[in-house]
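Novice: predicted model follows, preceded by the sequence.
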Amino acid sequence: MTASNRSSSRVVVVTGASAGLGSQIATAMVKRGLARTIVLTARRLDRLESLAQTLRHIDPALRVLTIPTDLADHDAPARLARQTLQETGGIDVLINNAGLGLPTLFADGVPEQLQDQLTVNFTAPLMLTRLLLPSLIERRGTVINIGSAITCVANSALGAYGATKAGLAYWNDALRRELAGTGVAVCLVEPGPIHTEFMTALAGRVAEGSEPNSILDNAKPWMTARVEDVAARVVGLIERPRRRVSYTKRFVWTFRAVGAFCWLFPAIGDWFVVKLSRGRGFNS
Ligand SMILES: NC(=O)c1ccc[n+]([C@@H]2O[C@H](COP(=O)([O-])OP(=O)(O)OC[C@H]3O[C@@H](n4cnc5c(N)ncnc54)[C@H](OP(=O)(O)O)[C@@H]3O)[C@@H](O)[C@H]2O)c1
């Protein structure tokens with residue numbers, strides 16, 4: 001059976017579709033025939049157009065819309081939601097995937113970059129969901145939020161990043177409860193490390209000002225998940241929604257174990273996490 005004759009009638013929005021997980025999610029979804037219309041958004045239009053071409057090749061019946069958007073701009077969610085609804089008439093699935101990490105210590109962070117990170121990772125998904133919610137409720141749709149396993153243990157090198165993901169997780173659970181009975185599914189995916197540009201960007205920036213042996217440079221295959229595997233897990237939620245999914249076969253259990261240890265023994269936990277971060281060139 002080809003993708004086109006399996007295509008459902010779903011209209012899907014994927015943020016952060018120009019690279020990494022977002023691009024793989026879009027591809028996996030189209031390969032599985034789970035979308036009739038797909039809205040791809042990120043800042044890099046050339047990447048979105050190239051992905052759109054690939055997706056049309058996989059499923060010639062697919063409608064693909066590319067909407068370049070900088071989610072760090074406070075008005076972006078409103079513009080994106082308006083254009084999406086005008087062009088599609090309504091959506092069934094929203095995947096809040098766009099996100100970025102800044103591996104500086106909080107005290108060294110450039111305030112403008114920190115603000116952008118908070119906006120892209122936290123404010124934008126909430127606002128976009130709020131603006132598209134009437135349509136999602138009407139069509140008994142699905143919201144999938146991409147969080148992070150980093151929330152298991154507060155990491156001194158990625159404090160602001162982890163805070164955005166912890167906030168996202170709290171809101172995800174609250175929204176799921178608020179929408180109980182409406183038919184809208186709300187799912188959180190919490191991956192551990194994945195090899196994408198996200199990791200490359202962190203490793204590059206870490207290496208600039210410190211020893212080159214960051215945990216990211218040293219990330220072993222057993223620590224990192226394949227982006228295709230995580231994408232498959234995300235796409236599976238469209239047909240079988242679950243509250244929370246982590247990529248447990250890989251590194252996530254380690255975060256959980258360290259988090260539980262820190263909760264039980266806070267003083268030793270602080271010592272251990274600081275030592276680990278400094279030993280890895282993350283910290284001063
Ligand atoms: N990689 C990991 O180890 C890992 C682990 C756990 C969770 N995650 C989460 O997984 C999600 C996807 O990350 P990834 O690994 O696929 O990273 P990635 O390869 O760096 O892709 C990030 C995506 O977000 C988009 N984005 C960044 N800033 C944006 C902005 N201001 N406006 C609009 N879009 C923006 C990028 O597009 P443009 O640059 O074209 O705008 C890109 O498409 C993120 O939420 C990340 O926090 C990643």
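Specialist: Looks like it came in fine.
Novice: can I take it that residue 52 is in a helix?
Specialist: Yes: counting by DSSP: H, G, I helix; E, B strand; the rest coil, residue 52 falls inside a helix.
Novice: nearest spatial neighbour of it, chain-adjacent residues omitted?
Specialist: For residue 52, ignoring the flanking residues on the chain, the nearest one in space by C-beta to C-beta, 6 or more residues apart in numbering is residue 64 at 4.3 Å. (Glycine included, C-beta is placed from N, CA and C.)
Novice: got the contact list for that neighbour?
Specialist: Residue 64 makes contacts with 37, 38, 40, 52, 55, 56, as judged by C-beta atoms under 8 Å, 6 or more residues apart in numbering.
Novice: between the residues you listed, which sits nearest residue 117?
Specialist: residue 40 (22.0 Å; C-beta to C-beta).
Novice: not counting its neighbours along the chain, what's nearest the closest one?
Specialist: Nearest residue to residue 40, sequence neighbours excluded (C-beta to C-beta, 6+ apart): residue 17, at 3.9 Å.
Novice: which SSE is the one you found in?
Specialist: Under the criterion DSSP states H and E, no helix or strand holds residue 17.
Novice: ok, back up a step: now that we have the contacts of residue 64, which of them are buried?
Specialist: Buried members of the contacts of residue 64, scored by 16 or more other C-beta atoms under 10 Å, are 37, 38, 40, 52, 55.
Novice: now distance to the ligand too, for those, in a markdown table please.
Specialist: Below are those laid out as a markdown table (distance: C-beta to the nearest ligand atom, whole Å):
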| residue | distance to the ligand |
| --- | --- |
| 37 | 19 |
| 38 | 14 |
| 40 | 9 |
| 52 | 14 |
| 55 | 15 |
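Novice: mind checking which of the contacts of residue 64 are in helices?
Specialist: If you go by DSSP state H, these have 52, 55, 56 in helices.
Novice: hmm, the first one is touching residue 40, no?
Specialist: What that stands for is residue 52. Yes: Residue 52 lies in contact with residue 40 (C-beta atoms under 8 Å); the separation is 6.3 Å.
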